[in-house]
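K.L.:
Just to be clear, the model below is a prediction. Sequence and coordinates:
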Amino acid sequence: MPRSLPLFLQRVSLAAVLGFLVVTAANADNWPQWRGPTFNGISTEKNLPVEWSPKKNVAWKLKLPGPAGASPVVWGDRIFLTSVAGDEKNELVLICVSTSGKELWRRTVGTGNRRVRRDEGNMASPSPTTDGKHVWAMMGTGHVACYDMNGKQIWKLNLQDRYGRFRIAFGMASTPILSDGRLLFQLIHGDGKASTQEAIVVAVNAATGKPLWKTERVTGASNENEHSYASPILYKNAKRTLFITHGADYTIAYDPKDGKEIWRCGGLNPQNDPNIRYHPTLRFVASPAAVAGMLIIPTAKHREVYAVNPDLRGDLTNRKEAHLWKLPRDTPDVPSPLIHDGLVYLCRENGNLMCVDAKTGKLLYTKRTSRGRHRASPAYADGKIYLTSRDGKITVVKAGREFKILAINNMAETITASPAISNGTIYLRSWEHLWAIR
């Protein structure tokens, strides 16, 4: 049963809250990485369109060289996105586009594309990351490259050459993240044998690509659960920054400075519980989301959603003070959670939207939106939640405790990428085009 937040969380220090808000405000006009400034899908933009179509409220659209599920990122007047391209679409490229819709440059990061799960994805699934001076792109093949804003290559490497071959069924889809000059990767994979641990977390120097640290991520997961398709996030409070990774039956937080483990949370797929059968295919795709004092952890395949306190240390698995509340079922399988204004929004793959009170864990509603498969994660801006389905329909829902659909906008193109919001514009990346909606 959901429990109220403990007293210490009700009295989260003003410094912690302000620190989190400062990070948000500093990047409010930019969308520097997957899911925006705080990895939560939150934008501070105002006066965005509610209704649009391929012919209404479209500032421009740009034809893309191939499909991909990677989200665009935006800094200033430049947009970056990864894609497949070239003859038989074997090349894996990073594209720079102006906010007026003109392609400025294109660079080949690697080759060796392959499609996975029929047409669910390819090797251009990880999203780029930028700090306004450089942009970093990773591909599912392990190719990683750094460029300046004008497309000059700074460095390039292949993670598989450095750290070993990826053994992951549907490709390495995890997006790297930037933290204080370090580029951080979670590489959670294996060959399905319980005796083999292939999972590692690593950091490289963002300016040079040189290795900084590597930590083995040992969890005891087996079968398909050794493979994670989630992306890591950063969590910041007044005292520290955490590199939070998700997969192989555990959510684990590390110090991004040296790779030391700070805490781990198991029980997401219990391994040695005589009363619970171990699930052999509970691989994680949706990433966690965080606000000050709270981390929302999704699992997979209609199972639990957990709210935990990320400000602790050690093994959180069975610690009552670490677990704030739990939903017993109906986790999103692919879309990541969104947290805003005391509410948690969970978009399930079938388009059902769940709204949960962040303090108590009480389910406020579960309502149906578009019935297409939802692969993109939800975004928030100006009192509205944007939900994107694979068939190109974007449902706009009024934020708050009462459910209300404001519009369903049909772009009539396949969309699996999460939206980016910057400078009064919603950027939608379909398999065919990059769209600017404003």
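P.N.:
Thanks, I have the structure now. Residues are numbered from 1 along each chain as shown.
K.L.:
give the contact list for the residue lying closest to Asp382 once chain neighbours are set aside.
P.N.:
Among residues not flanking Asp382 along the chain, Lys46 sits closest, at 5.0 Å (CB to CB, 6 or more residues apart in numbering). Where you see a C-beta, it was placed from the backbone N, CA and C, and this is true even at glycine. Each residue near Lys46 by CB atoms under 8 Å, 6 or more residues apart in numbering is listed here: 381-382, 424.
K.L.:
Next, Lys46: secondary structure please.
P.N.:
With DSSP: H, G, I helix; E, B strand; the rest coil as the basis, Lys46 sits in coil.
K.L.:
picking up where we left off before, quick one, which of the contacts of Lys46 are buried?
P.N.:
Ala381 (16 or more other CB atoms under 10 Å).
K.L.:
Closest one of the contacts of Lys46 to Thr366?
P.N.:
Of all those, the one with the least separation from Thr366 (CB to CB) is Ala381, at 22.9 Å.
K.L.:
residues contacting the closest residue in space to that closest one that isn't next to it in sequence?
P.N.:
With CB to CB, 6+ apart as the criterion, Ala381 has its nearest non-adjacent residue at 4.0 Å, and that residue is Ser43. Neighbouring residues of Ser43 by CB under 8 Å, 6+ apart: 28, 31, 36, 379-382, 421-422.
K.L.:
what's the answer for Arg348, then?
P.N.:
330-333, 335, 354, 374.
K.L.:
ok, it to Tyr365 distance?
P.N.:
13 Å (CB to CB, to the nearest Å).
K.L.:
Residues that sit against both of these two, list them.
P.N.:
Met354.
K.L.:
the strands in the stretch 251-400 of the chain, which residues?
P.N.:
261-265, 289-291, 294-298, 305-308, 314-315, 323-327, 338-340, 343-347, 352-357, 363-368, 379-381, 384-388, 393-398 (DSSP state E, counting those that start in this stretch).
K.L.:
and the shortest one, what does it pack onto?
P.N.:
This points to strand 314-315. strand 261-265 (3 or more CB pairs under 8 Å, 6 or more residues apart in numbering; DSSP states H and E).
K.L.:
okay, the angle between the strand it packs on and strand 294-298?
P.N.:
On the basis of axes from the mean of the first three to the mean of the last three CA atoms, to 10 degrees, strand 261-265 is oriented at 50 degrees to strand 294-298.
K.L.:
circling back to that earlier point, tell me the pLDDT at the residue nearest to Asp382?
P.N.:
For Lys46, the pLDDT comes out at 94.
K.L.:
and if you look at Gln197?
P.N.:
pLDDT at Gln197 comes out at 59.
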